[in-house]
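> Got a predicted structure here, sequence first:
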Amino acid sequence: MTDEAGFIASLRGLATGPAARGLLDDAAVLEFGGEALVLTLDTIVEGVHWLEGQDFADVAWKLVATNLSDLAAMGATPLGVLLSYSLAGDAADSRFLAGLAEVLTAYETPLLGGDTVSATAGPHHFGMTAIGRATSSPVPSRSGAKPGDLLYLTGTVGSAMLGFEALRDGTDADSTAYRRPQPLLQEGRSLAPLVSAMMDVSDGLLLDASRLARASKVSIAITSADVPVASSERRAECLRWGDDYQLLFTAPAELRLPVTAHRIGEVLPAGDEPLLYLDSEKLADDGTLGFSHAAS
(Lines give C-alpha, C1' and ligand atoms only; values in the text may rest on other atoms or scores of the structure.)
Protein backbone atom coordinates (compact mmCIF):
# COMPACT_ATOMS: atom_id res chain seq x y z
CA MET A 1 0.00 0.00 0.00
CA THR A 2 2.44 2.66 -1.20
CA ASP A 3 0.29 4.77 -3.50
CA GLU A 4 -3.01 6.60 -3.63
CA ALA A 5 -4.83 3.72 -5.33
CA GLY A 6 -3.60 1.26 -2.72
CA PHE A 7 -4.71 3.47 0.15
CA ILE A 8 -8.17 3.95 -1.38
CA ALA A 9 -8.44 0.19 -1.91
CA SER A 10 -7.83 -0.27 1.81
CA LEU A 11 -10.43 2.36 2.68
CA ARG A 12 -13.05 0.43 0.75
CA GLY A 13 -13.03 -2.15 3.53
CA LEU A 14 -14.27 0.57 5.90
CA ALA A 15 -16.71 2.30 3.52
CA THR A 16 -19.34 -0.42 3.61
CA GLY A 17 -22.52 1.69 3.68
CA PRO A 18 -24.59 2.01 0.51
CA ALA A 19 -24.07 5.79 0.39
CA ALA A 20 -20.33 5.28 -0.17
CA ARG A 21 -20.95 3.34 -3.39
CA GLY A 22 -17.80 1.32 -2.76
CA LEU A 23 -15.73 4.53 -3.14
CA LEU A 24 -15.97 4.08 -6.92
CA ASP A 25 -17.30 7.61 -7.47
CA ASP A 26 -16.03 11.03 -6.39
CA ALA A 27 -19.15 11.63 -4.30
CA ALA A 28 -21.38 9.79 -1.86
CA VAL A 29 -25.12 9.46 -2.42
CA LEU A 30 -27.27 9.53 0.70
CA GLU A 31 -30.85 8.53 -0.09
CA PHE A 32 -33.80 9.32 2.14
CA GLY A 33 -37.45 9.28 1.23
CA GLY A 34 -37.78 10.24 -2.39
CA GLU A 35 -34.70 12.47 -2.36
CA ALA A 36 -30.95 11.91 -2.56
CA LEU A 37 -28.15 14.10 -1.25
CA VAL A 38 -24.81 14.07 -3.07
CA LEU A 39 -21.79 14.82 -0.87
CA THR A 40 -18.19 15.34 -1.91
CA LEU A 41 -14.97 16.64 -0.36
CA ASP A 42 -11.87 17.96 -2.14
CA THR A 43 -8.58 19.25 -0.74
CA ILE A 44 -6.15 21.40 -2.71
CA VAL A 45 -2.48 21.89 -1.82
CA GLU A 46 -0.02 24.66 -2.68
CA GLY A 47 2.59 23.43 -5.12
CA VAL A 48 0.33 20.60 -6.27
CA HIS A 49 -2.95 22.23 -7.29
CA TRP A 50 -1.80 25.84 -7.51
CA LEU A 51 1.51 27.63 -7.92
CA GLU A 52 3.34 29.27 -5.05
CA GLY A 53 2.64 32.98 -5.17
CA GLN A 54 -0.60 32.60 -7.13
CA ASP A 55 -3.49 34.97 -6.39
CA PHE A 56 -5.52 33.49 -3.53
CA ALA A 57 -8.72 34.67 -5.21
CA ASP A 58 -7.98 32.09 -7.91
CA VAL A 59 -7.24 29.48 -5.23
CA ALA A 60 -10.68 30.03 -3.69
CA TRP A 61 -12.34 29.78 -7.10
CA LYS A 62 -10.56 26.52 -7.88
CA LEU A 63 -11.41 24.99 -4.50
CA VAL A 64 -15.12 25.61 -5.01
CA ALA A 65 -15.11 24.72 -8.71
CA THR A 66 -13.44 21.34 -8.23
CA ASN A 67 -16.04 20.38 -5.65
CA LEU A 68 -18.93 21.56 -7.81
CA SER A 69 -17.51 19.59 -10.73
CA ASP A 70 -17.93 16.41 -8.68
CA LEU A 71 -21.58 17.37 -8.17
CA ALA A 72 -21.92 18.02 -11.91
CA ALA A 73 -20.75 14.48 -12.67
CA MET A 74 -23.62 13.20 -10.53
CA GLY A 75 -26.18 15.52 -12.11
CA ALA A 76 -26.68 17.35 -8.80
CA THR A 77 -27.72 20.91 -7.97
CA PRO A 78 -25.51 22.57 -5.32
CA LEU A 79 -27.14 23.23 -1.96
CA GLY A 80 -24.08 24.64 -0.20
CA VAL A 81 -20.47 24.18 0.83
CA LEU A 82 -18.45 23.81 4.05
CA LEU A 83 -14.94 25.30 4.15
CA SER A 84 -11.82 24.12 5.97
CA TYR A 85 -9.36 27.03 5.91
CA SER A 86 -5.83 27.46 7.21
CA LEU A 87 -5.14 31.16 7.80
CA ALA A 88 -2.52 32.38 5.31
CA GLY A 89 -1.90 36.03 6.31
CA ASP A 90 -3.99 39.19 6.00
CA ALA A 91 -3.38 39.91 2.31
CA ALA A 92 -3.83 36.30 1.17
CA ASP A 93 -6.89 35.84 3.39
CA SER A 94 -8.51 38.97 1.95
CA ARG A 95 -7.91 37.79 -1.62
CA PHE A 96 -9.26 34.33 -0.77
CA LEU A 97 -12.44 35.88 0.62
CA ALA A 98 -12.83 37.99 -2.53
CA GLY A 99 -12.46 34.97 -4.80
CA LEU A 100 -14.77 32.91 -2.60
CA ALA A 101 -17.49 35.54 -2.88
CA GLU A 102 -17.06 35.60 -6.67
CA VAL A 103 -17.37 31.88 -7.24
CA LEU A 104 -20.19 31.32 -4.76
CA THR A 105 -22.15 34.11 -6.42
CA ALA A 106 -21.40 32.83 -9.92
CA TYR A 107 -22.78 29.37 -9.11
CA GLU A 108 -25.50 30.49 -6.68
CA THR A 109 -24.05 28.32 -3.93
CA PRO A 110 -24.26 29.37 -0.26
CA LEU A 111 -21.49 28.95 2.31
CA LEU A 112 -22.98 26.89 5.14
CA GLY A 113 -20.09 26.80 7.61
CA GLY A 114 -16.79 25.03 8.21
CA ASP A 115 -13.65 25.48 10.28
CA THR A 116 -10.59 27.74 10.40
CA VAL A 117 -7.17 26.93 11.86
CA SER A 118 -3.80 28.63 12.17
CA ALA A 119 -0.75 26.92 10.66
CA THR A 120 2.85 28.10 10.86
CA ALA A 121 4.77 25.73 8.58
CA GLY A 122 4.47 23.80 5.35
CA PRO A 123 2.52 24.52 2.18
CA HIS A 124 -0.98 25.93 2.45
CA HIS A 125 -3.84 23.50 1.97
CA PHE A 126 -7.59 24.02 2.02
CA GLY A 127 -10.52 21.63 2.04
CA MET A 128 -14.16 21.90 1.12
CA THR A 129 -17.24 19.73 1.35
CA ALA A 130 -19.99 20.35 -1.20
CA ILE A 131 -23.57 19.20 -0.75
CA GLY A 132 -25.96 18.79 -3.65
CA ARG A 133 -29.42 17.50 -4.41
CA ALA A 134 -29.70 14.78 -7.04
CA THR A 135 -31.95 15.69 -9.96
CA SER A 136 -32.46 12.21 -11.40
CA SER A 137 -32.82 8.65 -10.15
CA PRO A 138 -30.74 6.60 -10.21
CA VAL A 139 -27.89 9.03 -9.64
CA PRO A 140 -25.18 8.53 -12.30
CA SER A 141 -22.05 6.62 -11.35
CA ARG A 142 -18.90 5.34 -13.01
CA SER A 143 -20.10 1.76 -12.85
CA GLY A 144 -22.91 1.60 -15.40
CA ALA A 145 -21.10 1.52 -18.76
CA LYS A 146 -22.08 -1.42 -20.98
CA PRO A 147 -20.50 -3.02 -24.06
CA GLY A 148 -21.91 -1.32 -27.13
CA ASP A 149 -22.17 2.09 -25.46
CA LEU A 150 -20.31 5.01 -26.98
CA LEU A 151 -17.81 7.15 -25.05
CA TYR A 152 -18.20 10.94 -25.10
CA LEU A 153 -16.34 14.01 -23.83
CA THR A 154 -18.01 17.38 -23.40
CA GLY A 155 -15.05 19.54 -24.49
CA THR A 156 -11.35 20.18 -24.90
CA VAL A 157 -8.60 18.68 -22.77
CA GLY A 158 -5.16 20.24 -22.41
CA SER A 159 -6.35 23.81 -21.86
CA ALA A 160 -5.40 23.70 -18.18
CA MET A 161 -1.94 22.41 -19.10
CA LEU A 162 -1.34 25.40 -21.37
CA GLY A 163 -2.77 27.74 -18.75
CA PHE A 164 -0.48 26.31 -16.09
CA GLU A 165 2.56 26.82 -18.32
CA ALA A 166 1.52 30.39 -19.13
CA LEU A 167 1.15 31.20 -15.44
CA ARG A 168 4.38 29.43 -14.48
CA ASP A 169 6.41 31.08 -17.24
CA GLY A 170 4.84 34.52 -16.91
CA THR A 171 3.78 34.75 -20.55
CA ASP A 172 0.84 36.66 -21.99
CA ALA A 173 -1.02 33.45 -22.93
CA ASP A 174 -4.41 32.86 -21.34
CA SER A 175 -4.17 30.97 -18.03
CA THR A 176 -7.87 31.07 -17.13
CA ALA A 177 -8.52 27.36 -17.71
CA TYR A 178 -5.96 26.46 -15.04
CA ARG A 179 -6.77 29.26 -12.59
CA ARG A 180 -10.56 29.24 -12.79
CA PRO A 181 -12.08 25.98 -14.07
CA GLN A 182 -15.77 25.92 -14.92
CA PRO A 183 -17.89 23.12 -13.41
CA LEU A 184 -20.41 21.88 -15.98
CA LEU A 185 -23.43 21.77 -13.69
CA GLN A 186 -26.14 22.34 -16.29
CA GLU A 187 -24.62 19.80 -18.67
CA GLY A 188 -24.42 17.26 -15.85
CA ARG A 189 -28.08 17.72 -14.96
CA SER A 190 -29.13 17.38 -18.61
CA LEU A 191 -27.12 14.18 -19.07
CA ALA A 192 -27.86 12.52 -15.73
CA PRO A 193 -31.16 10.81 -16.68
CA LEU A 194 -29.74 9.48 -19.96
CA VAL A 195 -26.15 8.31 -19.50
CA SER A 196 -25.04 4.85 -18.45
CA ALA A 197 -21.92 6.16 -16.63
CA MET A 198 -20.41 9.59 -16.00
CA MET A 199 -17.49 11.28 -14.23
CA ASP A 200 -15.48 14.48 -14.50
CA VAL A 201 -11.97 14.54 -15.96
CA SER A 202 -9.77 15.85 -13.17
CA ASP A 203 -6.66 13.65 -13.31
CA GLY A 204 -6.26 13.22 -17.08
CA LEU A 205 -8.51 11.73 -19.74
CA LEU A 206 -6.66 8.41 -20.05
CA LEU A 207 -6.38 7.79 -16.32
CA ASP A 208 -10.00 8.71 -15.68
CA ALA A 209 -11.20 6.58 -18.60
CA SER A 210 -9.31 3.64 -17.12
CA ARG A 211 -11.04 4.26 -13.78
CA LEU A 212 -14.42 4.26 -15.49
CA ALA A 213 -13.53 0.99 -17.23
CA ARG A 214 -12.54 -0.66 -13.96
CA ALA A 215 -15.61 0.58 -12.11
CA SER A 216 -17.91 -0.68 -14.88
CA LYS A 217 -15.91 -3.90 -15.46
CA VAL A 218 -15.64 -3.18 -19.17
CA SER A 219 -12.90 -2.24 -21.61
CA ILE A 220 -12.77 1.17 -23.28
CA ALA A 221 -11.26 2.02 -26.66
CA ILE A 222 -10.38 5.66 -27.41
CA THR A 223 -9.53 7.11 -30.82
CA SER A 224 -7.00 9.84 -30.11
CA ALA A 225 -7.78 11.85 -33.27
CA ASP A 226 -11.40 12.21 -32.12
CA VAL A 227 -10.45 13.82 -28.79
CA PRO A 228 -10.59 17.64 -28.91
CA VAL A 229 -7.27 18.94 -27.58
CA ALA A 230 -5.86 22.39 -26.87
CA SER A 231 -2.66 21.64 -28.80
CA SER A 232 -2.60 19.14 -31.65
CA GLU A 233 1.21 19.13 -31.56
CA ARG A 234 1.08 17.99 -27.93
CA ARG A 235 -1.86 15.63 -28.18
CA ALA A 236 -0.27 12.90 -26.03
CA GLU A 237 0.31 15.36 -23.18
CA CYS A 238 -3.20 16.77 -23.47
CA LEU A 239 -4.65 13.27 -23.03
CA ARG A 240 -2.75 12.84 -19.75
CA TRP A 241 -2.89 16.30 -18.15
CA GLY A 242 -5.61 16.92 -15.57
CA ASP A 243 -7.55 19.94 -14.31
CA ASP A 244 -9.84 20.35 -17.34
CA TYR A 245 -13.05 19.19 -15.57
CA GLN A 246 -14.85 18.14 -18.72
CA LEU A 247 -17.50 15.43 -18.34
CA LEU A 248 -16.64 11.95 -19.59
CA PHE A 249 -19.65 9.72 -20.10
CA THR A 250 -21.01 6.65 -21.84
CA ALA A 251 -24.41 6.33 -23.45
CA PRO A 252 -26.31 3.96 -25.77
CA ALA A 253 -25.40 4.43 -29.42
CA GLU A 254 -28.94 5.43 -30.35
CA LEU A 255 -29.18 8.21 -27.76
CA ARG A 256 -29.68 11.74 -29.04
CA LEU A 257 -27.53 13.87 -26.75
CA PRO A 258 -29.04 16.94 -25.06
CA VAL A 259 -25.66 18.73 -24.89
CA THR A 260 -22.73 19.31 -27.22
CA ALA A 261 -20.24 16.46 -26.84
CA HIS A 262 -17.59 14.65 -28.86
CA ARG A 263 -17.68 10.93 -29.50
CA ILE A 264 -14.17 9.74 -28.64
CA GLY A 265 -14.50 5.98 -28.32
CA GLU A 266 -16.59 2.97 -27.45
CA VAL A 267 -17.19 0.46 -24.68
CA LEU A 268 -16.11 -3.15 -25.22
CA PRO A 269 -16.50 -6.36 -23.23
CA ALA A 270 -13.84 -6.69 -20.55
CA GLY A 271 -12.67 -10.19 -21.33
CA ASP A 272 -10.34 -11.40 -18.58
CA GLU A 273 -9.94 -7.87 -17.16
CA PRO A 274 -10.98 -4.29 -17.88
CA LEU A 275 -8.57 -2.70 -20.35
CA LEU A 276 -7.96 0.70 -21.89
CA TYR A 277 -7.04 0.97 -25.57
CA LEU A 278 -5.73 4.05 -27.37
CA ASP A 279 -5.81 3.71 -31.15
CA SER A 280 -6.08 -0.08 -30.72
CA GLU A 281 -2.97 -0.21 -28.50
CA LYS A 282 -3.45 -1.60 -24.99
CA LEU A 283 -2.29 0.87 -22.34
CA ALA A 284 -0.89 -0.29 -19.02
CA ASP A 285 -1.89 1.57 -15.87
CA ASP A 286 1.78 2.12 -14.96
CA GLY A 287 1.55 5.59 -13.46
CA THR A 288 1.92 7.43 -16.76
CA LEU A 289 -1.76 7.72 -17.75
CA GLY A 290 -2.42 10.86 -15.72
CA PHE A 291 -1.97 12.68 -12.43
CA SER A 292 -1.10 10.63 -9.35
CA HIS A 293 -0.70 12.10 -5.85
CA ALA A 294 1.97 9.51 -5.09
CA ALA A 295 3.99 10.67 -8.10
CA SER A 296 3.38 14.41 -7.75
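Looks like it arrived, so ask away.

> which regions of this protein lie under the pLDDT threshold?
Scanning the chain for pLDDT under 70 picks out 1-5, 11, 13, 15-17, 19-23, 120-122, 291-296.

> Can you give me every residue that contacts the closest residue in space to Thr260 that isn't next to it in sequence?
Spatial nearest neighbour of Thr260, chain neighbours left out: Thr154 (7.1 Å); criterion: CB to CB, 6 or more residues apart in numbering. The C-beta positions use only the backbone N, C-alpha and C, and glycine is treated the same way. Thr154 makes contact with Leu184, Glu187, Gln246, Leu247, Leu248, Phe249, Val259, Thr260, Ala261, His262, according to CB atoms under 8 Å, 6 or more residues apart in numbering.

> Next: Ser219.
Ala213, Val267, Leu268, Pro269, Ala270, Gly271, Pro274, Leu275, Leu276, Tyr277.

> Can you report how many residues lie near the first one?
Burial measure for Ala213: 27 neighbouring residues, criterion other CB atoms under 10 Å.

> list the contacts for it?
Counting by CB under 8 Å, 6+ apart, Ala213 has contacts Ala145, Ser219, Ile220, Ala270, Pro274, Leu275, Leu276.

> Closest one to Ser231 out of those residues, please.
Leu276 (22.1 Å; CB to CB).

> Now the closest one. Nearest residue, chain neighbours left out?
Counting by CB to CB, 6+ apart, Ser210 is the residue found nearest to Leu276 once chain neighbours are left out, at 4.4 Å.

> The one you found: which element?
helix 205-216 (DSSP states H and E).

> From the chain's centre, how far out is that helix? Work that out for me.
Its chain's C-alpha centre and that of helix 205-216 lie 12 Å apart, by CA atoms, centre = their mean, to the nearest Å.

> gap between the two ends of stretch 42-60?
End-to-end distance for stretch 42-60: 12 Å, by CA to CA, to the nearest Å.

> tell me which residues in that stretch are buried?
Neighbour counts over stretch 42-60 (16 or more other CB atoms under 10 Å) mark 42, 44, 46, 49-51, 54-60 as buried.

> if we can go back for a sec, pull the contacting residues for the residue nearest to Leu276.
Here Ser210 is in contact with Ile220, Pro274, Leu276, Leu283, Asp285, Leu289 (criterion: CB under 8 Å, 6+ apart).

> Show me where the stretch 151-296 of the chain has its helices.
Using DSSP state H, counting those that start in this stretch, the helices found in the stretch 151-296 of the chain span residues 159-169, 176-179, 185-191, 205-216, 235-240.

> chain center to stretch 119-134: distance?
On CA atoms, centre = their mean, the centre of stretch 119-134 falls 15 Å from the chain's centre.

> hang on, the earlier thing: identify the farthest-apart pair in the buried residues of stretch 42-60.
Within the buried residues of stretch 42-60, Asp42 and Asp55 form the most distant pair, 19.3 Å apart (CB to CB).

> distance of the nearest residue to Thr171 once chain neighbours are set aside from Leu207?
Nearest residue to Thr171, sequence neighbours excluded (CB to CB, 6+ apart): Glu165, at 7.8 Å. Separation of Glu165 from Leu207 (CB to CB, to the nearest Å): 20 Å.
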